[in-house]
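1. got a sequence here, can you build the structure:
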Amino acid sequence: LLVPLSLATGFQNQWRNAGSLAATTHEALFGAVLAQKKDFFWRLNIAGDRTRQRITSLSVAPFLVGPDQDDANTNIFRIAPGQTFGVLYGTRWVRTPEQLARTIGVGGLTGTPADYVLNEEGYFVRRADWRTVRERPLRALNADTSALTQIGDVNPDFNLAFNSQVNWKSLTLTTVVAWTRGGNIYNYTRQWPYNEQRDPAYDQRNKPQIERKPVGYYQTFYNNFDANEFFVEDGSFVRLRELAVNWQLPASWMSGIRLNGRTARLGIVGRNLLTSTKYSGYDPEVSGPGGGNPFGYRVDYFTYPVFRSFTAMLELGF
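-> Have a look, this model is predicted:
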């Protein structure tokens with residue numbers, strides 16, 4: 001475990017055997033022949049998994065980590081005893097009466113709950129500032145006056161993969177579909193443009209005039225580029241990961257070109273052809289900067305999406 005050190009030591013961090021992690025993974029496999037006739041064959045394989053990891057002990061003080069230890073912005077995952085590995089930490093905004101009362105109670109806001117109102121976007125704002133150029137979302141505080149709290153969990157509910165193969169005479173169709181349900185993504189790629197007023201949220205032409213927010217309202221969510229719940233998104237997706245079509249050339253064709261007894265196949269393979277997701281970024285399969293672990297750190301940090309590709313194939317058998 002790479003743990004942070006006091007700057008007085010002259011080093012930023014150190015590798016230590018400082019904790020233990022307990023993980024439970026459930027996997028399931030299913031395969032079946034759905035149809036079989038003289039010239040037709042269809043087989044389906046399904047693989048699924050679900051993993052949960054919990055930090056059981058830690059010999060140092062709790063700290064934050066991320067996919068790139070050299071970039072403090074991405075250190076938004078808390079390492080602490082009893083903590084689920086993969087939980088996101090950052091700031092929440094006041095969105096419920098309970099959050100409002102607590103934040104007022106610890107001195108984070110002045111006045112009484114009557115001095116605040118829930119606006120059209122689901123955030124409490126000062127009543128006197130509502131629908132004016134001064135309107136701003138308000139940061140929620142914990143009972144100990146801190147703002148850092150759990151804002152998400154990257155662990156999916158489950159992952160499923162479907163592999164289907166259909167043979168009809170000399171044609172073969174193979175498909176691979178991946179389905180990830182649940183789990184959050186932190187979208188730094190979207191957060192950055194909020195400071196430059198370049199996100200589509202700033203375009204409010206379809207809102208009634210009275211409900212439009214000032215520029216400073218949305219810039220508040222930028223939050224000095226620190227993690228906050230506004231940029232936590234659902235990472236569920238279904239992706240057609242691969243589609244392949246192969247054709248076995250007739251034996252008579254092979255004889256015609258003096259390749260008696262030989263076989264040949266023509267094929268085309270498409271990868272990452274279609275993705276269905278509510279995630280607003282380019283690609284829900286993100287892993288953060290520095291080649292981070294996508295199973296532990298689902299952070300969208302200006303990373304390129306996977307490419308869509310097409311490959312043609314000619315296979316000769318001797």
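2. Pro250 against Thr263, yeah?
-> No - with contact defined as Cβ atoms under 8 Å, Pro250 does not count as touching Thr263 (10.3 Å). For glycine as for every other residue, the C-beta is placed from the backbone atoms N, C-alpha and C.
3. buried ones in stretch 154-171, by neighbour count?
-> Of the residues in stretch 154-171, those buried under the neighbour-count criterion (16 or more other Cβ atoms under 10 Å) are 154-156, 158-163, 166-167.
4. oops, could you answer that again for stretch 187-196 instead?
-> Under the neighbour-count rule (16+ other Cβ under 10 Å), stretch 187-196 has 187-192, 194 buried.
5. contacts for that stretch, please.
-> Residues lying outside stretch 187-196 but in contact with it, judged by Cβ atoms under 8 Å, 6 or more residues apart in numbering, are 73-74, 199, 201, 218-219, 221-223, 225, 230-233, 279-282, 299-303.
6. same check on stretch 158-170?
-> With contacts defined as Cβ under 8 Å, 6+ apart, stretch 158-170 is touched by 39-50, 172-182, 241, 247-250.
7. can you map out the helices along the stretch 201-318 of the chain?
-> Using DSSP state H, counting those that start in this stretch, the helices assigned to the stretch 201-318 of the chain run over residues 215-222, 251-256.
8. can you put those helices in CSV and add mean neighbour count, distance to Gly267 and mean pLDDT?
-> Below are the helices of the stretch 201-318 of the chain laid out as CSV (neighbours: other Cβ atoms under 10 Å; distance: least, Cβ to Cβ, whole Å; pLDDT from 0 to 100):
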stretch, mean neighbour count, distance to Gly267, mean pLDDT
helix 215-222, 17, 48, 97
helix 251-256, 12, 16, 67
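9. right, and these - which one's nearest Ser287?
-> Across the helices of the stretch 201-318 of the chain, the minimum distance to Ser287, taken as Cβ to Cβ, is reached by helix 215-222, at 23.6 Å.
10. which elements pack onto the closest one?
-> In this structure, helix 215-222 makes packing contacts with helix 188-194, judged by 3 or more Cβ pairs under 8 Å, 6 or more residues apart in numbering; DSSP states H and E.
11. pretty sure Asn17 is touching Leu1, no?
-> Yes - under the criterion of Cβ under 8 Å, Asn17 lies in contact with Leu1, with a separation of 7.2 Å.
12. between those two, which has more neighbouring residues?
-> A side-by-side neighbour count of Asn17 and Leu1, using other Cβ atoms under 10 Å, places Leu1 first with 18 against 7.
13. now do the residue nearest to the more buried one when sequence neighbours are not counted against Arg298, distance only.
-> Nearest in space to Leu1, with sequence neighbours left out and distances taken as Cβ to Cβ, 6 or more residues apart in numbering, is Ala18 at 4.8 Å. Summarising the geometry, the distance separating Ala18 from Arg298, computed by Cβ to Cβ, to the nearest Å, is 24 Å.
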